[in-house]
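Novice: I would like the atomic coordinates for the input below:
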Amino acid sequence: MLRVAPIENRSWGAGRRTMAEIRFDNETVPAVLGDSLLEHAERTRAAYKQVATSCDGIGTCGECVVSVVAGAESLNPPTLEEDAIAGLEDEVHGGLYRLACQAKVIDDKRDIEVATFQRSLKILTATASREELPLAPRVRREGDRVVIGETTIETTGGGLYGLAVDVGTTSVVADLVDLACGETRHTVAFENPQRFGGSNVVNRIAYDRDHRGLLQRVLVAHMNAALDEMPCRGDEIYEVVVAGNPTMRDLLFGLDVQPLGLSPFLSVTETEYRSGEQDSTALDCRAGRLGLAVNPAARVYGLPLVACHVGADAAAGLLVSQMWKSDEPVLFMDIGTNTEILLGNRHRILAASSPAGPAFEGAGVSFGMPGMTGAIDSVRFDHETLRWTTIGDANPRGICGSGLVDLLGELARTGRINKMGRFVDGTHELAVAPEHGIAFSERDIAEIAQAKGSNFAAQMILMKLFGIGPGDIGKLYLAGGFAEYLDVAQASRIGLVAPVDDERVVKLGNASLQGARNLLCSEALRTELEEYTPRIEHVRLELDPDFFDLFVGGMGFQVDPPEQT
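Specialist: Here you go, the predicted model:
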């Protein structure tokens, strides 16, 4: 990946230095009239690493996308090179997307705030596997030879590493694994930079239709920037294993995702598998074809899909939860922008994808934000006093997913909202942190109600088809970073998850990353997963006659009588 040299090796800039400042996430530099945001980023080591580019700042690669949160009027209008992102708004932070190399300071009257995609997030990494797996990776060392399968790809005495990657709609997490011993040596995490193409998979599919390949290039560029932080050389990484929903997985591999936006919503790999052209929906190619900054001969493996929008992340969850070996019914949920739900046991497994939308990731909610420093992550009413905590104990900047669930749960528990999600005192907004200007409105409640309604309907339909009720579920497995920090009692109170006894709830952590990690360390396990996934029965929720009624019912709230004061 080509980068412009840091400012230590360059002149200060051709423009005039002003009293205004430019803030990149948590670092600030003086503004210089006429200089681009990229040039300003190069004046601080942290921001320099967070803005990806491979065209030496001339605007042809389109990779240095940032969100200008404040002070956009102090920059020049978008250039022709910014046509693909011109006018696009950042739903999470309320900024405007710009290319850092094209956005230049033209006004010194106010400060400018810039958000990059590699900020400090409360990202959940892989947890310990629920079973001991023998270390038997596809990549191995035989003497001084590095072997993949039966093929010698290199003769070297260096390290032997693999990369397990969870490509989520909102965030990307990667574990560097030492394939000689199976230990994780380093973890990196960043916001998915494809967000400028839309906050959900439907929008990104549409964006990729009009700007083919840009989302893939931007993601690879940020992955390569993250690889610069690894405690090894890139050419010592010999395999990458990727999990993610079908759209995220296929975008990374550079595949056409347009079929996923049209009924019957099949990935090109699923179509080829169904027609007998391929043995599996798994993907496997050379890293050099994707442009990843690892060994050019390294292999990149994408986990198999389940069906339609139930993807490789759900297959990873199946693997980690081991529900295919359970005698009792098991419910698995990975709650996110697209919630994957599996229900079954060793005899039968049903699967569905719930388009919950990005509300629980912060988008569409007035003061919603991802789980990063300053996000309100828990809320409690102590009689009339609203108490909250923030990530990092910092001043509150907004409310993340777990805080939103807590807040709704508390409003229902104390009878401050009715079944329709309206405030009973006749107001339309609650001051959550008034001294910081943070509020929660009835419109915000409606956004979250739609997301939870979709999840509720999906769970109820799968249980109906399986012939059980919530009381019959032996285990409820919750996966993903959002679920990890979720108060399950509050989530159950507002109808986000099925009412299952606390002792039956198990949080799996980042099951998508853990599943990728398990397959990185075990080639045999890949074959087992590829052979099993076609047996899963996919359920298209929108075709069920009860879906609409369950969806509308799931948008409501079970509320307690108002608190007596």
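Novice: Quick check: residue 326 touching residue 345?
Specialist: Yes - between residue 326 and residue 345 there is a contact at 4.7 Å, judged by C-beta atoms under 8 Å. For the C-beta atoms, the positions are set from N, CA and C on the backbone; glycine is no exception.
Novice: Residue 392 falls within a helix, correct?
Specialist: Yes - with DSSP: H, G, I helix; E, B strand; the rest coil as the criterion, residue 392 is located in a helix.
Novice: what pairs with the host helix or strand of residue 66, and is each one parallel or antiparallel?
Specialist: Using DSSP states H and E, residue 66 sits within strand 65-70. Applying DSSP bridges to the sheet, strand 65-70 is found paired with strand 96-99 (antiparallel), strand 112-115 (antiparallel).
Novice: Return the distance of the helix or strand encompassing residue 549 from the chain's centre.
Specialist: Taking DSSP H and E as the definition, residue 549 sits inside helix 547-554. Distance of helix 547-554 from the chain centroid (C-alpha atoms, centre = their mean, to the nearest Å) equals 26 Å.
Novice: Which other helices and strands does that helix contact?
Specialist: Counting contacts by 3 or more C-beta pairs under 8 Å, 6 or more residues apart in numbering; DSSP states H and E, helix 547-554 packs against helix 442-466.
Novice: tell me the angle the helix it packs on makes with helix 547-554.
Specialist: Using axes from the mean of the first three to the mean of the last three C-alpha atoms, to 10 degrees, the direction of helix 442-466 lies 130 degrees away from that of helix 547-554.
Novice: Dump the next helix or strand along the chain from helix 442-466 to CSV, restricted to CA.
Specialist: Going down the chain from helix 442-466, the next helix or strand is strand 475-479, by DSSP H and E. C-alpha atoms of strand 475-479 as CSV (Å, rounded to 0.1, in the frame of the first residue of the first chain):
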residue,chain,number,x,y,z
LYS,A,475,-30.3,-22.7,25.3
LEU,A,476,-30.4,-19.2,23.9
TYR,A,477,-27.0,-18.4,22.4
LEU,A,478,-26.4,-14.7,21.8
ALA,A,479,-23.5,-13.7,19.6
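Novice: Contacts for strand 475-479 next, please.
Specialist: With contact meaning C-beta atoms under 8 Å, 6 or more residues apart in numbering, strand 475-479 is reached by 317, 320-321, 323, 326, 328, 330-335, 484, 486, 488, 497-498, 500, 504-512.
Novice: Let me have the strands paired with strand 65-70 in CSV, adding mean pLDDT, mean neighbour count and distance to residue 220 as columns.
Specialist: Shown next, in CSV, are the strands paired with strand 65-70 (pLDDT from 0 to 100; neighbours: other C-beta atoms under 10 Å; distance: least, C-beta to C-beta, whole Å):
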stretch, mean pLDDT, mean neighbour count, distance to residue 220
strand 96-99, 96, 24, 17
strand 112-115, 93, 22, 21
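Novice: what is residue 283 paired to in the beta sheet?
Specialist: Residues in beta-bridge contact with residue 283 (DSSP bridges): residue 302.
Novice: Can you give me every residue that contacts it?
Specialist: With C-beta under 8 Å, 6+ apart, residue 283 has these contacts: 242, 249, 253, 269, 300-302.
Novice: Of those residues, which belong to strands?
Specialist: Mapping those onto strands (DSSP state E) picks out 242, 300-302.
Novice: Pick the one among those residues closest to residue 259.
Specialist: Closest to residue 259 out of the ones in strands among the contacts of residue 283 is residue 302 (16.2 Å), distances taken as C-beta to C-beta.
Novice: starting at the chain centroid, how far to stretch 138-151?
Specialist: Here stretch 138-151 is found 33 Å from its chain centre; the criterion is C-alpha atoms, centre = their mean.
Novice: quick one: low-confidence parts of the stretch 1-150 of the chain?
Specialist: 1-18, 45-48, 92, 119-132 (pLDDT under 70).
Novice: Am I right that residue 190 is in a helix?
Specialist: No - under three-state DSSP, residue 190 falls outside any helix and is assigned strand.
Novice: Beta-bridge partners for the nearest residue in space to residue 72 that is not next to it in sequence, please?
Specialist: The shortest distance from residue 72 to any non-neighbouring residue, by C-beta to C-beta, 6 or more residues apart in numbering, is to residue 96 (5.0 Å). Taking DSSP bridges as the rule, residue 96 bridges to residue 68, residue 89.
Novice: I'd guessed residue 96 sits against residue 65; true?
Specialist: No - at 11.0 Å, residue 96 does not count as touching residue 65 under the criterion of C-beta under 8 Å.
Novice: about what we covered before: ok, the ones in strands among the contacts of residue 283 vs residue 180, which is closest?
Specialist: Set against residue 180, the nearest of the ones in strands among the contacts of residue 283 by C-beta to C-beta is residue 301 (19.0 Å).
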